[in-house]
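Enquirer: heads up, no residue letters with this:
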């Protein structure tokens, strides 16, 4: 199980790192909000332990940016004990909240509860910029406008959105969407991307579906 700790107090981060490694976790540590945001967005973690008061970028700002692209479970840590601060964290998308000083055993118990919850509850909704996708209802909206997609167009959009920010080759897309391997010169993927782009991007000023020449396609808000 892989964790990210974003904590600017060296003693606290070292203590948490040592204790969690002893518990069998793989742990990365960032000591400011900018590094924490980079790691949280670029890599996949089972849980993120995120301090509120951070240099460079505070924890709430990191959390808001994270929630635009990922639903990684987040436990907020803070020395503040006001109810308003906890409410702000939960409203920004935190899954749990611990006020310093806290029990290490309680933190471990909450980490275990979050990871169990994540395994049992599949992600139902995805967001990329102003694009919203309901995976269960198989519907998508941009800027509040419903996108009229065919079954294959929705499957293609969902495959890209689940891996937003990741460049997917035509071969990978073919396997994800059609569950087959196409010859390298087949234009099935290109044609499907073109049809999706006409509905997803053409009517809107911000483009989300990008072609990376010689590599494939990526869905992301730039």
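Expert: Now that the structure is in, tell me what you want to look at. Just so it is clear, the structure is predicted and the values come from calculations on it, not from any experiment.
Enquirer: Phi and psi next, for residue 21.
Expert: phi -60, psi -40 (degrees, to the nearest 10).
Enquirer: which residues touch it?
Expert: Residue 21 makes contacts with residue 27, as judged by Cβ atoms under 8 Å, 6 or more residues apart in numbering. Glycine gets a C-beta too; all of them are placed from N, C-alpha and C.
Enquirer: That one and residue 29, how far apart?
Expert: 11 Å (Cβ to Cβ, to the nearest Å).
Enquirer: Kindly report the same for residue 101.
Expert: 19 Å.
Enquirer: Would you map the strands across this structure?
Expert: Here the chain has its strands, by DSSP state E, at 2-6, 26-30, 47-51, 74-78, 96-99, 125-128, 131-134, 139-142, 145-146, 209-212, 216-219.
Enquirer: Buried deepest among the ones you listed, which one?
Expert: Stretch with highest mean neighbour count among the strands of the chain: strand 47-51 (a mean of 26; mean count of other Cβ atoms under 10 Å).
Enquirer: mind listing what that one pairs with, with the direction of each?
Expert: strand 2-6 (parallel), strand 74-78 (parallel) (DSSP bridges).
Enquirer: Just the pLDDT at the residue nearest the centre of the chain, thanks.
Expert: Nearest to the mean C-alpha position of the chain, by Cα atoms, centre = their mean, lies residue 70 at 1.4 Å. Confidence at residue 70, expressed as pLDDT, is 89.
Enquirer: Now stretch 64-75: buried residues?
Expert: Neighbour-count burial for stretch 64-75 flags 66, 69, 70, 71, 72, 73, 74, 75 (criterion: 16 or more other Cβ atoms under 10 Å).
Enquirer: how far out from the middle of the chain is it?
Expert: 5 Å (Cα atoms, centre = their mean, to the nearest Å).
Enquirer: Just the terminal-to-terminal distance for it.
Expert: 13 Å (Cα to Cα, to the nearest Å).
Enquirer: contacting residues around that stretch?
Expert: 37, 40-41, 44-50, 63, 92-98, 107, 110-111, 114-115, 117-118, 123, 127-129, 164-165, 220-221.
Enquirer: Now a ChimeraX select for only the buried ones of those residues.
Expert: Of these, the buried ones go into a single ChimeraX selection, burial set by 16+ other Cβ under 10 Å:
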select :37,40,41,45,46,47,48,49,50,63,92,93,94,95,96,97,98,107,110,111,114,118,127,128,129,164,220
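Enquirer: Among the contacts of stretch 64-75, which lie within helices?
Expert: Within the contacts of stretch 64-75, residues falling in helices by DSSP state H are 37, 40, 41, 63, 107, 110, 111, 114, 115, 117, 118.
Enquirer: pLDDT added to those residues, as CSV?
Expert: Output for the ones in helices among the contacts of stretch 64-75, formatted as CSV (pLDDT from 0 to 100):
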residue, pLDDT
37, 96
40, 95
41, 93
63, 94
107, 92
110, 90
111, 91
114, 83
115, 76
117, 65
118, 55
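Enquirer: want to throw the strands of the chain into CSV with distance to residue 152?
Expert: Listed next are the strands of the chain as CSV, based on distance: least, Cβ to Cβ, whole Å:
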stretch, distance to residue 152
strand 2-6, 34
strand 26-30, 37
strand 47-51, 34
strand 74-78, 34
strand 96-99, 38
strand 125-128, 18
strand 131-134, 15
strand 139-142, 13
strand 145-146, 18
strand 209-212, 15
strand 216-219, 15
